[in-house]
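Engineer: the amino acid sequence is not available; the structure is as follows:
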Ligand SMILES: Cc1cc2nc3c(=O)[nH]c(=O)nc-3n(C[C@H](O)[C@H](O)[C@H](O)COP(=O)(O)O)c2cc1C
C-alpha cells in the first residue's frame, strides 16, 4: 500500500466550509481525518463521568455537515434522560427477557444471510466475546452482554435515532453518514460511542414508551461517553476484509 495520507486536518469535522477551503494541505503539524477513521472503534463500557455541557449539540452540529441527497438531511437524534431513560431500558429488557418480537421498521441484514457474510458476523462476535472471555457455547454469557445493549451500556448519554417512515434506502444512507460523522467527532473529543442496532428490534415499544409518533421509524440507538479503558469489552478489535473483496476496476 502506498503511504497515502488524506490532506485533511484531524479537526476537519469542526471546521466551517470556509476554514476547510483555507486549509493548507500538507501542514506537517496537521493530524489527519484518515487517522481518526483508523483509530475509532466501538465503545461498550463507559466511565461514570458526565460530558461537558453542550457536548452532544456540538457533536451533532458537526456530524450534520454530512452530505445528503438533495440536502434533505434526514433523521433525528433524541437524547433520552432521567425517568424516560429508566422506563425505556426497563421496558426493553423486559420485552427481550420475555422473548417478545415485533415487526421491525426496516430490514438491516440480508435474509437469508449468505455464508460469506455469516463468516464476517461470526468473526465480529468472536472478537467481542473473546475480549470478554465468553466461550462460543456460553449462551448465558452472550445473553448478558446482549442485554447491555438495552441499557445503552450504561453510557452517560443515550440517543435514539429516528427517520421519517417515508424515507427509503437513500435516506438511511444519508443518515448513516451523519452517524459516522458523530462517531468521528466524538472520537476527536476523546469520547467513545457505539451504535445500537439491537434497539431496532422494538420500534413499537420505543415509540410507545417515549411518546413518539407513528411516522418516526426507529433506526438505532447510540451510547456515548468517556470510554472505560480498563474494561475488557473495550479491548475488542475487529478486522476488515481485503481490498480485493470490495474494490475492483473495470476497463
Ligand atoms: C448501525 C450500527 C448498529 C450497530 N449495532 C450494534 C449493537 O446493537 N450492539 C453492539 O454491541 N454493536 C453494534 N454495532 C457495532 C458493530 O458491531 C461494530 O461497528 C463492528 O463490529 C465493527 O467494529 P468497530 O466499530 O469496533 O470497528 C453497530 C454498528 C453500527 C454501525
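Structural biologist: All right, it came through fine. This structure is a prediction, so every number in the text was calculated from the model and none was measured.
Engineer: can you list the domains in the protein?
Structural biologist: Domains of the chain are assigned by automatic domain parsing as 1-39, 42-237.
Engineer: pLDDT score for the residue lying closest to residue 37 once chain neighbours are set aside?
Structural biologist: Of all residues not flanking residue 37 in the chain, residue 184 sits nearest, at 6.7 Å (Cβ to Cβ, 6 or more residues apart in numbering). Quick note: C-beta positions are derived from backbone N, CA and C, even for glycine. For residue 184, the pLDDT comes out at 94.
Engineer: if we go by neighbour counts, what in the strand or helix carrying residue 184 is buried?
Structural biologist: Using DSSP states H and E, residue 184 maps to helix 169-188. Buried residues in helix 169-188, counted by 16 or more other Cβ atoms under 10 Å: 171-172, 174-179, 181-188.
Engineer: which parts of the stretch 151-251 of the chain are strands?
Structural biologist: Here the stretch 151-251 of the chain has its strands, by DSSP state E, counting those that start in this stretch, at 157-164, 192-196, 216-225.
Engineer: swap in the stretch 1-150 of the chain?
Structural biologist: Under DSSP E, counting those that start in this stretch, the stretch 1-150 of the chain gives strands at 76-79.
Engineer: low-confidence ranges in it?
Structural biologist: 1-32 (pLDDT under 70).
Engineer: show me what from it comes close to the ligand.
Structural biologist: Within the stretch 1-150 of the chain, the positions adjacent to the ligand are 41-42, 44, 124, 149 by Cβ under 6 Å from any ligand atom.
Engineer: among these, which lie within helices?
Structural biologist: residue 124 (DSSP state H).
Engineer: out of the residues of the stretch 1-150 of the chain next to the ligand, grab the one that's most surrounded.
Structural biologist: Taking other Cβ atoms under 10 Å as the neighbour criterion, residue 44 ranks highest of these with 27 neighbours.
Engineer: can you tell me the closest non-neighbouring residue to the residue nearest the centre of the chain?
Structural biologist: Nearest to the geometric centre of the chain sits residue 195, at 2.5 Å (Cα atoms, centre = their mean). Spatial nearest neighbour of residue 195, chain neighbours left out: residue 220 (5.1 Å); criterion: Cβ to Cβ, 6+ apart.
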